[in-house]
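Asker: I'd like to go over a predicted model; first the sequence, then the structure.
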Amino acid sequence: MALLVFALFALVASQAAPPVTVELYSESYCPGCQSYTTNQINDAMNSCVNTIMEFRSYPYGNAQESQNADGTWSYTCQHGVSECDGNMYQACAIEHNGNNALATGVPTWWAYYDCLEKSGNAGVASVAQNCATSSGLDWPTIQTCSGSNVAMGSSTDGNPYMHTIAVTTNNLQPPHQFTPWVVVNGKPLSSSELNLSLISLVCQAYTGTKPSCCSTAVEQMPFNITVMPRRWSINY
């Protein structure tokens, strides 16, 4: 009997539906990114779909990188140096609190990330520190990772990790056209689809037994996300 129960359990486990992957490619001072993060994604994080969703974030967006003579990388951001600082604070929190590991549920770093986006000043050190304190993350770890030149990050930590985020972003297929760029199960959302409820989209994409909140998910959200085109010129 015990063997039969184990066999049935193994069969059910092998047939369990995979979670829905949601990837966010954004930049910290992009208004549309802030709106999408603090509304769509935060709503999903605080709903029952977080149990069927694997979320990852790549805070680089429309930035550009160039390699220095010493092998480190310099970053130029669409909304200026403060945005590069904010991207680095977000990246360091991700790296040292889960490293975008595949897992359902709310990432350890999410409350910090959401706090920075809600502030509108993710690149300000005092804001980043307050968000770390309020969300329970270790600020000295984030600060060390960010280094003395936050836009570049520590040469042995934040700097190379941001490069991996840049490579991941630049290798997207199809290439990203704007931010926020949101990919659900490998398929990027169009600019109009950004105004659809992420909860509803995750529910639709999930092939297993849907959690209870899916039955009441509203498809259209009462706001419009403003996207930032990928092509831009440096003006600072």
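Answerer: Received, thanks.

Asker: going by C-alpha atoms from here, please, whenever you check contacts or count neighbours.
Answerer: Will do.

Asker: give me the element the closest residue to E117 other than its chain neighbours is part of.
Answerer: Among residues not flanking E117 along the chain, Q34 sits closest, at 5.2 Å (Cα to Cα, 6 or more residues apart in numbering). Per DSSP states H and E, Q34 falls inside helix 31-35.

Asker: helices or strands next to that helix in the packing?
Answerer: On a contact count with 3 or more Cα pairs under 8 Å, 6 or more residues apart in numbering; DSSP states H and E, helix 31-35 meets no helix or strand.

Asker: please pull up the helix or strand immediately following that helix.
Answerer: helix 42-45.

Asker: after that following helix, next one along is what?
Answerer: Taking DSSP H and E, what comes next after helix 42-45 is strand 53-59.

Asker: tell me where the model's unsure across this protein.
Answerer: 1-15, 102, 220-223, 231-236 (pLDDT under 70).

Asker: what sits up against stretch 125-144?
Answerer: When contacts are defined by Cα atoms under 8 Å, 6 or more residues apart in numbering, stretch 125-144 is touched by residues 89, 92-93, 96, 109, 111-112, 115-116, 119, 121-122, 154.

Asker: just put the residues you listed in a markdown table and tack on neighbour count, secondary structure and distance to P160.
Answerer: Output for the contacts of stretch 125-144, formatted as a markdown table (neighbours: other Cα atoms under 10 Å; DSSP: H, G, I helix; E, B strand; the rest coil; distance: Cα to Cα, whole Å):
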| residue | neighbour count | secondary structure | distance to P160 |
| --- | --- | --- | --- |
| Y89 | 32 | helix | 14 |
| C92 | 26 | helix | 11 |
| A93 | 26 | helix | 14 |
| H96 | 17 | coil | 13 |
| W109 | 23 | coil | 19 |
| A111 | 19 | helix | 24 |
| Y112 | 24 | helix | 21 |
| C115 | 20 | helix | 25 |
| L116 | 28 | helix | 22 |
| S119 | 14 | helix | 26 |
| N121 | 19 | coil | 24 |
| A122 | 28 | coil | 20 |
| S154 | 21 | coil | 8 |
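
Asker: name the nearest of those residues relative to N46.
Answerer: Checking the contacts of stretch 125-144 against N46 by Cα to Cα gives A111 as the nearest, at 10.8 Å.

Asker: in terms of helices and strands, where is V183?
Answerer: strand 181-184.

Asker: quick one: strands adjacent to that strand?
Answerer: Strand pairing for strand 181-184, using DSSP bridges, gives strand 20-26 (antiparallel), strand 187-188 (antiparallel).

Asker: tilt between the longest one and strand 53-59?
Answerer: An angle of 10 degrees separates the directions of strand 20-26 and strand 53-59 when computed by axes from the mean of the first three to the mean of the last three Cα atoms, to 10 degrees.

Asker: which residues does the residue nearest the centre of the chain form a beta bridge with?
Answerer: Nearest to the mean C-alpha position of the chain, by Cα atoms, centre = their mean, lies S57 at 2.0 Å. Note on S57: beta-bridge partners L24, judged by DSSP bridges.
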